[in-house]
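**Q** A structural model of the following input is requested.
(one chain, ligands or ions: 2)
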Amino acid sequence: MIQFYNTLSGKLEPFNPITPVEIKLYTCGPTVYDYSHIGNCRAYIFEDLLKRFLIFKGYKVKHVMNITDVDDKTIKGANAEGIKLQEYTKKYIDTFFEDINVLNILKADFYPRATEHIQDMVKMIKGLLQKGYAYKKDGSVYFSIAKFPNYGQLSKINLEELKPGERIESDEYEKENVNDFALWKNKKEGEPFWETEIGAGRPGWHIECSVMSSKYLGQTFDIHCGGTDNIFPHHENEIAQSEAYSGKKFVNYWIHCHHLIVDGEKMSKSKGNFFTLRDLLNKNVNPSILRFLLLSTHYRKMLNFSFKALEQASASFQRIKDFLYELKNRSFEEGENEEIPLLIEEMNQNFTGGLNDDLNIAVALRAIFEMIRKVNILISQGKIYREDADKLVSSFNSLDEVLGVLHEEKEEMLPSEILKIIEEREKARKEKNYKLADQIRDELLRKGIVLEDTKDGVRWKRGKAKS
Ligand code: AMP
Ligand code: ZN
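**A** Numbers count the residues shown, from 1 in each chain. Ligands and ions are numbered 1, 2, ... in the order given. Reported below is the predicted structural model:
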């Protein structure tokens, strides 16, 4: 039996899907105004672990992740650069896909974009107006929280403190500002807008997830995830919009991962402790080790990222890699040890048992390291044979369907800005500007990217960053 901690009930609950044939999963995706930072990566990796585990248990999973390509932050970013919203967000949509590929995150079935679902949002907002849950004011449309008695059920807000009738414009706000929130924002100078039946303007942030989740997964679905920062106001507002509109329960299991912090502090650019995935790849961090680190803390615990923690993760990761290398490459005698299938069975049971229990990753990983310890003893005693080694390797590969860290290194994609620099160098070489080409080569070397000019073109590999 699987159990998960449901933020809605505040309890561990047995997991009962609506239909065991296919689980419907919605995860809040990136707001594409910047590169993914390692906090975002934590959320995506936790969601990937959850999804992979459900697949491992034999379920089919239909997964939808939205892309927020219009909201306060994206508009601000585009205006600051003086470019069109779409041009601005495209860069971060592309880099988001590069990032999840590097982190070996399984692709969702759909990545709906807010700007491609404006008409669907208008339809839901019209419905909310008709049902009396929403009202118009100065060309904008607001959700009236006083009309929805269950408001606050997810974030456990004290309803007494609500200020019904007062309105909040911005997409993000604190609990102290719990107010009627914007479903649709009136056209404003310097903001993109759509001409629609409810007026000219653009959607608020929250409505997109209500609309796109129900469009692809139905009005009631199994699991909705995100980081804890999404609980209020985003997910609270999603519930209000969706349940007011459909009259049905929106989501059965709300599963949230806790925050990632760096060296004990909240990440912030001014403190210089803000890392994007790209920053770490440029420092030559192996993405599989980063993935291993980010998934090895239980998702409901705060994750404190530090380079020391990364080193420790690297050592544990290497232990598994070395073990597998040994099993694959050492020459073992023909034969088999009867104890091995029993040990594999025990490892599988402990691994699955751990994850069944609200994704208890510590228990699952312990099962793996315990196995390594026992088998290493057997190897030293000469009690492991060729067939045992093969069985062990395949048992680890099967568990890696869930962890996603041990796969043979697939060809890694470089961040697009580095690819651009390599292209510039190619251009310089073609134009016989060898001085510039050498300068660029040195610049890349400082980032730990080693270039080799071959007769088939330029090749790159990761090396030690040279100062
Ligand atoms: P955003 O791009 O800000 O909309 O966030 C995308 C996902 O990352 C959401 O699920 C957020 O809850 C999650 N997230 C943002 N910051 C952090 C953090 N520091 N730690 C963990 N998850 C985060
Ligand atoms: Zn969302």
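**Q** and whatever residue of the stretch 201-350 of the chain ends up closest to ligand 2, how many neighbours?
**A** Proximity of the stretch 201-350 of the chain to ligand 2 (Cβ to the ion) peaks at Cys209, 3.4 Å away. C-beta: built from backbone N, CA, C; applies to glycine. Here the number of neighbours of Cys209 (other Cβ atoms under 10 Å) works out to 27.
**Q** ok, for it, nearest residue in space, not its chain neighbours?
**A** Glu238 (5.1 Å; Cβ to Cβ, 6 or more residues apart in numbering).
**Q** same for the helix or strand encompassing that neighbour, what does it pack against?
**A** In this assignment (DSSP states H and E), Glu238 forms part of helix 236-246. Secondary-structure packing of helix 236-246 (3 or more Cβ pairs under 8 Å, 6 or more residues apart in numbering; DSSP states H and E): helix 118-130, strand 140-143, helix 206-217.
**Q** Turn these into JSON lines, columns for distance to Arg319 and mean pLDDT.
**A** Output for the helices and strands packed on helix 236-246, formatted as JSON lines (distance: least, Cβ to Cβ, whole Å; pLDDT from 0 to 100):
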{"stretch": "helix 118-130", "distance to Arg319": "49", "mean pLDDT": "98"}
{"stretch": "strand 140-143", "distance to Arg319": "52", "mean pLDDT": "96"}
{"stretch": "helix 206-217", "distance to Arg319": "40", "mean pLDDT": "98"}
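**Q** which one of those lies closest to Thr27?
**A** helix 206-217 (9.8 Å; Cβ to Cβ).
**Q** Could you measure from the nearest residue to Arg319 once chain neighbours are set aside over to ligand 1?
**A** Among residues not flanking Arg319 along the chain, Ile372 sits closest, at 6.5 Å (Cβ to Cβ, 6+ apart). With distances defined as Cβ to the nearest ligand atom, to the nearest Å, the gap from Ile372 to ligand 1 amounts to 30 Å.
**Q** Check for me that Ile372 belongs to a helix.
**A** Yes - checked against DSSP: H, G, I helix; E, B strand; the rest coil, Ile372 lies within a helix.
**Q** can you list the residues of the stretch 51-200 of the chain near ligand 2?
**A** For the stretch 51-200 of the chain, the contact set with ligand 2 under Cβ under 5 Å from the ion is empty.
**Q** Now with 8 Å, please.
**A** Residues of the stretch 51-200 of the chain lying close to ligand 2 by Cβ under 8 Å from the ion are Asn66, Thr68.
**Q** Would you mind confirming that Lys131 makes contact with Tyr245?
**A** Yes - the pair Lys131 and Tyr245 qualifies as a contact (Cβ atoms under 8 Å) at a distance of 7.2 Å.
**Q** Quick check on the two: which one has the bigger neighbour count.
**A** A direct count of neighbours by other Cβ under 10 Å for Lys131 and Tyr245 places Tyr245 higher, at 22 against 12.
**Q** circling back to that earlier point, need the per-residue pLDDT for the residue nearest to Cys209.
**A** Looking at Glu238, its pLDDT reads 98.
**Q** Could you report the neighbour count for it?
**A** 27.
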